[in-house]
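[1] my questions concern the predicted model and sequence given below.
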Amino acid sequence: MQVRTFDDTREHLLATGEDIMLGKGFAAVGLAEILQQAGVPKGSFYHYFGSKEGYGVALLERFFAAYLASLDAIVSDTSLNGRAKLLTYFGRWGEIPSDGSCESRCLVVKLTGEVSDLSAAMRQALERGIAGVIERLGACVVIGRADRSIPPGEAADTLAASLYQLWLGAALVAKVQRDRSPFAAARQTTETLLGGMPATKLS
């Protein structure tokens with residue numbers, strides 16, 4: 001019989017809670033529901049997390065660790081020029097279902113407005129994670145300017161922040177409208193901001 005490890009139980013609790021919160025949000029989900037769904041006793045929860053807020057912070061940190069690793073793979077893909085890296089990343093945003101049944105990549109879209117007012121610790125976790133995303137997008141801009149797929153212009157970090165905010169807004173509006181037209185508009189604006197250079201794979 002295999003004995004479950006500390007990290008395995010903790011991961012199971014986080015994965016279970018993420019699935020539930022993607023549907024209901026943070027405040028509407030109680031610990032009892034998470035524990036029942038996970039099949040874990042209450043005492044075990046408090047062995048790993050000091051409170052629901054602490055659990056929420058861990059949930060966001062876990063999400064961003066995986067999210068940033070996926071983005072790092074795009075940044076380090078030497079077959080793509082800088083512009084193509086950005087368009088590959090933002091192209092994935094358009095894959096988010098517009099009916100609200102978001103995949104794990106849109107946990108930020110699901111929780112940002114809600115938890116920013118509920119918990120300073122969770123807001124700070126979101127802030128750190130978003131800063132990590134923008135930092136990597138800025139790296140793509142720098143690469144794009146070096147390979148001339150993105151024309152010179154405003155500071156790379158400023159452009160990166162503008163692009164991320166554009167797509168975050170598009171995702172929120174898409175959830176309200178239940179259609180993908182905000183993503184199409186964001187794509188068009190992104191093309192304009194990045195100039196008319198081709199987004200190609202490099203030989």
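    In hand now; what should we look at? Residues are numbered from 1 along each chain as shown.
[2] show me what counts as buried in the helix or strand bottoming out on mean pLDDT in the chain.
    Lowest mean confidence among the helices and strands of the chain (mean pLDDT, DSSP states H and E): helix 107-118, at a mean of 84. By neighbour count on 16 or more other C-beta atoms under 10 Å, the buried set for helix 107-118 is 107-112, 115. C-beta here means a position set from N, CA and C on the backbone, and glycine is covered the same way.
[3] pick out the most distant pair among those.
    Distance extremes for those: the farthest pair is Val109 and Val115 at 12.1 Å, using C-beta to C-beta.
[4] got the angle between the top helix by length along the chain and helix 107-118?
    When the chain is parsed with DSSP state H, its longest helix is helix 120-146. For helix 120-146 against helix 107-118, the angle by axes from the mean of the first three to the mean of the last three C-alpha atoms, to 10 degrees is 140 degrees.
[5] what about whatever helix or strand His47 lives in, average pLDDT?
    In this structure, His47 is located in helix 42-48 according to DSSP states H and E. Confidence over helix 42-48, taken as the mean pLDDT, stands at 90.
[6] and the closest residue to Val141 other than its chain neighbours, how many neighbours?
    Excluding the flanking residues, the one nearest Val141 by C-beta to C-beta, 6 or more residues apart in numbering is Ala156, at 4.0 Å. Using other C-beta atoms under 10 Å, Ala156 has 21 neighbouring residues.
[7] you'd agree Ala156 is up against Arg145?
    Yes: the criterion here is C-beta atoms under 8 Å, and Ala156 meets it with Arg145 at 7.3 Å.
[8] can you give me the helices in this structure?
    6-24, 31-38, 42-48, 52-75, 82-93, 107-118, 120-146, 156-177, 181-194.
[9] most tightly surrounded among those?
    Ranked by average neighbour count under the criterion mean count of other C-beta atoms under 10 Å, the helices of the chain are headed by helix 82-93 at a mean of 21.
[10] how far off centre is that one?
    Relative to its parent chain, helix 82-93 has a centroid offset of 14 Å by C-alpha atoms, centre = their mean, to the nearest Å.
[11] any regions of the protein where pLDDT drops low?
    1-7, 96-105, 196-203 (pLDDT under 70).
[12] change it to 90
    Low-confidence segments of the chain, defined by pLDDT under 90: 1-9, 19, 22-25, 27-28, 43-44, 92-118, 171-180, 195-203.
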